[in-house]
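# Here is the input, now give the coordinates:
(one chain, ligands or ions: 2)
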Amino acid sequence: MRRSRKRPTAPAPAAAPAEPAAAAPSDTGSEEDLSATKWNFFTEELVRTGLWAKLTRVPSLTAAAVGWAWRAGRRDLLVALGASTVAAVLAAVSLVSVTRVLDALLAPGPITARVEAALPAVAVVAGVAALSGTVRLVSELALSRLGTQAERLVELELFGLTTRAHLVAFDDEEWADAMYRARDRGMYEVPRMVTATLEGLAGLVSLASMGGVLAVLHPLLLLLLVVGVVPTGWAATRAARMEYEAQRRLSTGRRRRWILGDRMASRDSAAELRSYTMRDSLMADYGDLADRERETMLAVAWSQTRTRAVGGLASGAATTLTYVSLGALLVSGMMPLAAVGTAVLALQRTQGQMQNLLYLLNRVYESGLYFADFTEYCALARAHLPAPPTAPPPARLERLEVRDAVFTYPTGGAPALHGVNVHVEKGETIALVGENGSGKSTLARLLGGLYEPQEGTVTWNGTDFTAIGPAVRERISVIIQDHTRWPMTARRNVTMAQDCDPDRLAHAARLSGTDEVVAELPRGWNTLLDTTFASGVNLSGGQWQRIAGARGFYRPADLLIADEPTSALDARAEARFFTTIGEHADRTGAAVVLITHRMASVRMADRIYVLDRGRVIEHGTHAELMAVPGRYRELYTLQADAYSAPGQG
Ligand SMILES: Nc1ncnc2c1ncn2[C@@H]1O[C@H](COP(=O)(O)OP(=O)(O)OP(=O)(O)O)[C@@H](O)[C@H]1O
Ligand SMILES: [Mg+2]
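Ligands and ions are numbered 1, 2, ... in the order given. The predicted model follows:
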């Protein structure tokens, strides 16, 4: 299993929250996933993170949040910031007016005169309250607009990166985990972080203005204010950290549970699940994973409650201290009664605001942790993006060559291809044959510009694929072995991202046998091929394969790679396919790379490459390969004999 490269900190078992006890054995490999020490190195860092460390992270998080907000909606950001400033000024004005009201009411003289004297200040307090309400509405509207806009931006960023990254990234466990975390929560936390940061900024400005008023009343009040909120703030941040740490540690197990759940609920696996009576074993695996998650989360809830209780007690003591101090100031004559009255009000308001601010700081910090997952994934994805091309877009194919290619999947193990040399020229048809797992599909992906070899080269007319970049794929059409059943109409399943050209569509449909499939569909080409929608229909495996074939033929390309394009086809459709692929190559002048286990169909190829455990062990024409004893002759004779053997059974 791979470790994240980012955090080499040693595990700190003593500081780590207790792992849940091992559950009953199961064969999912989930123990390994859940007890994996892969996230433990993170624990120490989290346990060490105190309020101060958090505060030091806030500037960079704020900058990031404001950056997202700026990109999401400049006008809304400016409105939100403007509204906060106005609200802060209004809060200070309101407090000062309250002092005036109290001053007037507590002054000597008849009560009617005192009330009259207080009236202008009361009017100001009332006016400010009404205005503050309006300002708050405006700010809330701007913030919610920003939230939804940021959400959209973040989703586009994430999917923009996932769809551009090198295909090989998808075979990497680190990638899969990072993407799961980014998609599962990271993505949704960014808008939350944006709104919390802006609310926090607003709170900070308002606090500064209230703090100013308090400092004028008596500087000691500022100290009392801080003493009152620190304990709750400490408890809240600690609780958030515990939760995040657990979420992160559970991430791999959750992904596994999610996948299992998907298998139990999805249509694709429903039949096999029943045939192989998988229900009990899947439910047990799922239950195991869910139990572990529950135990961890319950332990977290318990620790959080203890922490919050300690924070609450300390905060109660601080409040007592505040009122005792105020009493002392009043009795000693250091503050007049009106000022003490305003101070009580101001302290209550500011303490409320400080609490809110700490809550927001916490939210920013907490969302910031998940946001870090998102940015971590984006950074990982950017590291997997193709380098900018250094060569011009490729010209029409003359010669494609794979030289001394070595390719190993990111999961490690033996290379799937070692020292492979293959070439194909304009108009040629080559075939790749070999047993299961010999590396044919991997080689097809190298030829198709989907994987890059770690050693050796793949060149298009002599220029390296890496220099050309993704543009090379514009000239290649691949009929993929595990083709995707796109939940779209039959037409789009063939034309894919291209515009529909009726002639080409009809041609591709005829070559692949899709014409017969579409003729039976209730809405012809417009039929939705997705049974999860009422108007959708389902196709058989062979019918889908015909569609995948048509997809390959429809795309104008200099090179057509067909990876087992007929494995699910009936005998007639298969025979038709192999005749028409030659017709297609002649008509378009395209080179063809054909991968198939049907040996009779590769006889006509200009060159046949026989693969074995990632190496090309033989190559030549059918006649050349049949002339010598070897793997090709063995495989070919085996199949030919099966057909010609008399009286089977
Ligand atoms: N995504 C992957 N991650 C890790 N290893 C892989 C992956 N895909 C294939 N392999 C391994 O690479 C080797 C070659 O696989 P490949 O799919 O190229 O074989 P193939 O010749 O196309 O087989 P088949 O005839 O079954 O289609 C196999 O050992 C396989 O286990
Ligand atoms: Mg294959």
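# Quick check: Val478 is in a helix.
No - using DSSP: H, G, I helix; E, B strand; the rest coil, the secondary structure at Val478 is strand, not a helix.
# just use 20 as the starting number from now, easier for me
Okay, residue one is now 20; in that scheme the one you just asked about reads as Val497.
# neighbours of Val497, just the number please.
Residues lying near Val497 (other Cβ atoms under 10 Å) number 24. Using the backbone N, CA and C atoms, a C-beta is placed for each residue, glycine as well.
# got it, and Ala450?
Residues lying near Ala450 (other Cβ under 10 Å) number 24.
# check which helix or strand covers it.
Following DSSP states H and E, one finds Ala450 within strand 448-453.
# and that strand, anywhere near ligand 2?
No - Strand 448-453 stays clear of ligand 2 (Cβ under 5 Å from the ion), getting no nearer than 9.2 Å.
# and that strand, how far out from the chain's middle?
Centroid separation for strand 448-453 versus its chain: 38 Å, with Cα atoms, centre = their mean, to the nearest Å.
# who are the neighbours of it, in terms of helices and strands?
Judged by 3 or more Cβ pairs under 8 Å, 6 or more residues apart in numbering; DSSP states H and E, the packing partners of strand 448-453 are strand 436-444, helix 459-466, helix 590-607, strand 610-614, strand 626-631, helix 650-663.
# how about those, which one is nearest Trp505?
Closest to Trp505 of those is helix 459-466 (Cβ to Cβ; 19.4 Å).
# What average pLDDT does the closest one get?
For helix 459-466, the mean per-residue pLDDT is 96.
# Which strands or helices does that helix pack on?
Helix 459-466 is packed against strand 418-426, strand 436-444, strand 448-453, strand 578-582, strand 610-614, with contacts defined by 3+ Cβ pairs under 8 Å, 6+ apart.
# and that helix with ligand 2, contact?
Yes - for helix 459-466, a contact with ligand 2 is found by Cβ under 5 Å from the ion, at Ser460.
# tell me the angle that helix makes with strand 626-631.
In terms of direction (axes from the mean of the first three to the mean of the last three Cα atoms, to 10 degrees), helix 459-466 departs from strand 626-631 by 120 degrees.
# Helix 459-466 and ligand 1 in contact?
Yes - if you take Cβ under 6 Å from any ligand atom as the test, helix 459-466 does meet ligand 1, through Lys459, Ser460, Thr461.
# returning to that earlier point: so which of the helices and strands packed on helix 459-466 gets nearest ligand 1?
Ranking these by proximity to ligand 1 (Cβ to the nearest ligand atom) places strand 448-453 first, at 5.7 Å.
# who's in contact with the closest one?
441, 443, 459, 462-463, 600-601, 604, 610-616, 618, 621, 623-631, 650-651, 654 (Cβ atoms under 8 Å, 6 or more residues apart in numbering).
# Given that strand, what are its sheet partners and their directions?
Applying DSSP bridges, strand 448-453 is found paired with strand 610-614 (parallel), strand 626-631 (parallel).
# and the last one, how far out from the chain's middle?
So that's strand 626-631. The chain centroid and the centroid of strand 626-631 are separated by 39 Å, computed with Cα atoms, centre = their mean.
# do it and ligand 2 meet?
No - figure legend: strand 626-631 not in contact with ligand 2 (Cβ under 5 Å from the ion); closest approach 10.2 Å.
# Quick check: residues of the stretch 470-619 of the chain near ligand 1?
When proximity is defined as Cβ under 6 Å from any ligand atom, the stretch 470-619 of the chain approaches ligand 1 at Gln500.
# Residue in this protein with the shortest distance to ligand 2?
Of all residues in the chain, Ser460 sits closest to ligand 2, at 3.1 Å by Cβ to the ion.
# show me what contacts that residue?
Shown in contact with Ser460 (Cβ under 8 Å, 6+ apart): Gln500, Asp582, Ile614.
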